[in-house]
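A.B. asks: got a structure for you, letters missing:
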């Protein structure tokens, strides 16, 4: 699916890390919330509330998931899940375009 | 209007200047195309096709419009128009969040 249809898009961006990570919030017709974001080169730590599904739309993300010791690279077309209420680390070596889905369990 | 409703959102981002300028394309119900974008600090030149209406949603943009010699600062809540088929220069001193509308005349 290359587009979201019948979506509500919040105009204002979500801005983190001095703009090196930004995203837009999209609400689908069924109420599901997603964010479409960009991460520039850098190292970041994020905390989840809900479980997250991260799809890499462009570039790549090196991710260290909770409970693991090493970084795994996810490239365009690949995705990974992050458990609810956890923290994960990212190293971004090239501009990454992503879609994050929030999964209520 | 803080949201676009019943919109189509293209998932993949538009990426310019090594990711320092990125945007997402949103198509409104009536077919109007807009982009929601972020510009990080830097100096940029853009070329227009259609006439553009640029709204500053956050931060600020210093803009030199075609046929002018000086930069004018536009802040959150302000907007400016750029003629079709022209070039304009921007100096971005703080992360800027914007909405660009393309106006067919």
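C.D. replies: Nice, I can see it. No experiment lies behind these values; they were computed from the predicted model shown.

A.B. asks: doesn't residue B:6 make contact with residue A:6?
C.D. replies: Yes. Using C-beta atoms under 8 Å, residue A:6 is in contact with residue B:6, at 5.5 Å. Just so you know, the C-beta spots here come from the backbone N, C-alpha and C atoms, and that holds for glycine as well.

A.B. asks: strands of chain A, residue ranges please.
C.D. replies: Using DSSP state E, the strands of chain A run over residues A:3-10, A:14-16, A:21-27, A:33-39, A:42-47, A:51-64, A:72-75, A:79-82, A:87-103.

A.B. asks: who does the nearest residue to residue A:13 once chain neighbours are set aside bridge with?
C.D. replies: Excluding its sequence neighbours, the residue lying closest to residue A:13 (C-beta to C-beta, 6 or more residues apart in numbering or on different chains) is residue B:97, at 4.5 Å. Taking DSSP bridges as the rule, residue B:97 bridges to residue B:38, residue B:58.

A.B. asks: what does stretch A:72-87 contact?
C.D. replies: Residues outside stretch A:72-87 that contact it (C-beta atoms under 8 Å, 6 or more residues apart in numbering or on different chains) are A:45-66, A:88, A:103, A:105.

A.B. asks: run the last query once more with 7 Å
C.D. replies: Stretch A:72-87 is contacted by residues A:45-63, A:65-66, A:88, A:105 when judged by C-beta atoms under 7 Å, 6 or more residues apart in numbering or on different chains.

A.B. asks: what's in contact with stretch A:3-19?
C.D. replies: So stretch A:3-19 is contacted by A:22-29, A:35, A:42, A:44, B:2-11, B:26, B:36, B:38, B:40, B:57-58, B:95, B:97, B:99 (C-beta under 7 Å, 6+ apart).

A.B. asks: which of those count as buried?
C.D. replies: A:22-27, A:35, A:44, B:4, B:7-11, B:26, B:36, B:38, B:40, B:57-58, B:95, B:97, B:99 (16 or more other C-beta atoms under 10 Å in any protein chain shown).

A.B. asks: tell me the gap between stretch A:97-105 and the middle of its chain.
C.D. replies: 7 Å (C-alpha atoms, centre = their mean, to the nearest Å).
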